[in-house]
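Participant: Let's see this in three dimensions:
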Amino acid sequence: MATSQRSSSTGIKVVIVGAGFAGLTAAIECHRKGHEVLVLESFPELKILGDIISFAPNSGRIFQRWEGVDAKLDPIIHKSDGLRIKTWKGEDLTKQTWGEEGKKYGKAYNGHRGEIHEIVYYHALEIGIDIRLGHKVDDYFETESEAGVIANGERFTCDAVLAADGVRSKGRTIVLGYEDKPKSSGYAIYRTWFDSAALADDPDTAWMVTNGDRHCCWIGPDIHFIAASVKNGKDFSWVCTHKDEADVEEGWQETGPLSDAMKVLEGWDPVVQKILKATPDPLIDWKLVYRDPLPTWISPKRRIALIGDAAHPFLPTSIQGASQAMEDGATMAVCLSKSGKAHVQEGVAAFEALRYERVRAAQKTGEDTRNMWHKADFDDVKKNPDSMKLKREDWLLNFDAEEYAEKNYAATVALLKDPVAVRQLNVPSRTEVLASTEVAASA
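Facilitator: Coordinates of the predicted model:
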């Protein structure tokens, strides 16, 4: 499936702000489609940061198109046979196996955020993408004929700008016409990643880190705790989602003492307690923030587009945030190749139309899963333990963003030019979608 073949040059110049997964995917995919790409990243150097991140099969097939990337990712990703689901007291509820899902949908990639990012970053460099670190974007601009950014006092012009610099993107202000502030969602996550040696030495926890990888979730009243081992049990990660009413200001990802997590999980399964005791101090204390759904992801002159978290932050329980960010990049690359340089604004508008409703529906899955676990009636759950399984659906996982954009670009442009036709086809308007769903978002 992997291919190094690049399409002939389109003459389209794209500036991408941010070298996270959304930005790098957009860069690699735009490069594949023959566009000229420049990536500007504010961080001065690449650092291996973070902990567990998940890429579902719908984004896994994007990795597989990049020559050599799957072979580099495979040794570092999680390879358990399924997810064990328990009550907070340690009672077994059910097990969700991944074998059939893998055959049906394809390969998922779950592993250390920083390690996966490093592989993707160096792949982008290897294929010739211009990535400039230490370039902080201070402003965006656009006219009918061009767009661009100002970074480090220098003006960079292009045909289209993709703002992939997260929920605090300055591009959001350009698109919305005002600055929108984050709000507390009422939840936060304690998270960590560490060597599993201490767990292997304890017979009560050794099952999670010996003879392969393991994945287990404990569910309690308004709390869930998920633990996973990676690299044949060598590394270990856990996350705990819990109620937190703290105000959200500038620092959304701070450290917190292990003792705080111990208070939240007091009285839980003795295995959870032993995992906590083996955990290095401090933890990451990651506040989940709420963002009102954006009415649009594109600027008034349709030359600047928000992608990834800048456009649509996800709850971690969706297990789709990173995947949808990658789908954005693959879709935009196709749209620009279809539009051509003379009609870039059409391509940017088509990108939003192709992605908007799908992303909204994917965001809703995160809310549904959190509510399913956090608001569970455990008397009912014990009668139907399979009700706690993650929803794994064809529309979400059996999807190829590149193929979908290729097939549906022309029809989408036609619908954009004829709103009456949209209503006749009974396509829900954005107003209807926004009114019928509630989105919570995370940094």
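
Participant: Residue ranges of each domain in the protein, please.
Facilitator: For the chain, automatic domain parsing gives the domain ranges 13-79+110-180+295-436, 183-290.

Participant: Using TSV, lay out the ones you listed together with mean pLDDT and distance to residue 94.
Facilitator: All C-beta atoms are positioned from the backbone trio N, CA, C, and that covers glycine. Below are these laid out as TSV (pLDDT from 0 to 100; distance: least, CB to CB, whole Å):
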stretch	mean pLDDT	distance to residue 94
domain 13-79+110-180+295-436	90	4
domain 183-290	90	10
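
Participant: and these as JSON lines, adding distance to residue 99 and mean neighbour count?
Facilitator: Below are those laid out as JSON lines (distance: least, CB to CB, whole Å; neighbours: other CB atoms under 10 Å):
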{"stretch": "domain 13-79+110-180+295-436", "distance to residue 99": "11", "mean neighbour count": "19"}
{"stretch": "domain 183-290", "distance to residue 99": "13", "mean neighbour count": "18"}
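
Participant: could you dump the ones you listed to a markdown table with distance to residue 93?
Facilitator: A markdown table is the format used below for the domains of the chain (distance: least, CB to CB, whole Å):
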| stretch | distance to residue 93 |
| --- | --- |
| domain 13-79+110-180+295-436 | 4 |
| domain 183-290 | 8 |
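
Participant: Go through those and name the closest to residue 89.
Facilitator: Nearest to residue 89 among the domains of the chain is domain 183-290; the distance by CB to CB comes to 6.0 Å.

Participant: Next up, the contacts around the nearest residue to residue 22 once chain neighbours are set aside.
Facilitator: Distances taken as CB to CB, 6 or more residues apart in numbering place residue 308 nearest to residue 22, at 2.6 Å, with adjacent residues excluded. Taking CB atoms under 8 Å, 6 or more residues apart in numbering, we find residue 308 in contact with 18, 20, 21, 22, 23, 164, 166, 324, 325, 328, 329.

Participant: wait, which of the domains of the chain is closest to residue 100?
Facilitator: From those, taking CB to CB, the stretch that ends up closest is domain 13-79+110-180+295-436, at 9.8 Å.

Participant: in the stretch 101-250 of the chain, which spans are helices?
Facilitator: Counting by DSSP state H, counting those that start in this stretch, the stretch 101-250 of the chain has helices at residues 113-126, 170-176, 197-200.

Participant: next one: the first one to chain centre, how far?
Facilitator: On the basis of CA atoms, centre = their mean, to the nearest Å, helix 113-126 sits 16 Å off its chain's mean C-alpha point.

Participant: likewise the last one?
Facilitator: Relative to its parent chain, helix 197-200 has a centroid offset of 30 Å by CA atoms, centre = their mean.

Participant: just checking, residue 371 is part of a helix?
Facilitator: Yes. Assessed with DSSP: H, G, I helix; E, B strand; the rest coil, residue 371 lies in a helix.

Participant: Look up how far residue 267 lies from it.
Facilitator: 23 Å (CB to CB, to the nearest Å).

Participant: now the helices for the stretch 301-443 of the chain?
Facilitator: 321-339, 344-374, 378-383, 394-397, 401-417, 419-424, 430-436.

Participant: In TSV, list those along with distance to residue 242.
Facilitator: Formatted as TSV, the helices of the stretch 301-443 of the chain follow (distance: least, CB to CB, whole Å):
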stretch	distance to residue 242
helix 321-339	19
helix 344-374	9
helix 378-383	17
helix 394-397	26
helix 401-417	33
helix 419-424	42
helix 430-436	28
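
Participant: right, so of those helices, which gets closest to residue 208?
Facilitator: When those are compared by CB to CB, helix 344-374 sits nearest residue 208, at 19.8 Å.

Participant: between the closest one and helix 401-417, how many degrees?
Facilitator: 120 degrees (axes from the mean of the first three to the mean of the last three CA atoms, to 10 degrees).

Participant: what's next to stretch 392-404, contact-wise?
Facilitator: Under CB under 8 Å, 6+ apart, the answer for stretch 392-404 is 29, 56-58, 61-62, 65, 101, 104-106, 320, 326-327, 330-331, 333-334, 354, 361-362, 365.

Participant: distance between the ends of that stretch?
Facilitator: 20 Å (CA to CA, to the nearest Å).

Participant: right, and residue 116 touches residue 76 too?
Facilitator: Yes. In terms of CB atoms under 8 Å, residue 116 counts as a neighbour of residue 76; the distance is 7.2 Å.

Participant: which residues does residue 47 contact?
Facilitator: Counted by CB under 8 Å, 6+ apart, residue 47 has contacts residue 114.

Participant: any idea how far residue 316 is from it?
Facilitator: Separation of residue 47 from residue 316 (CB to CB) stands at 21 Å.

Participant: do the same with residue 48
Facilitator: Using CB to CB, we find residue 48 at a distance of 20 Å from residue 316.

Participant: And for residue 301?
Facilitator: Counting by CB to CB, the gap from residue 301 to residue 316 is 35 Å.
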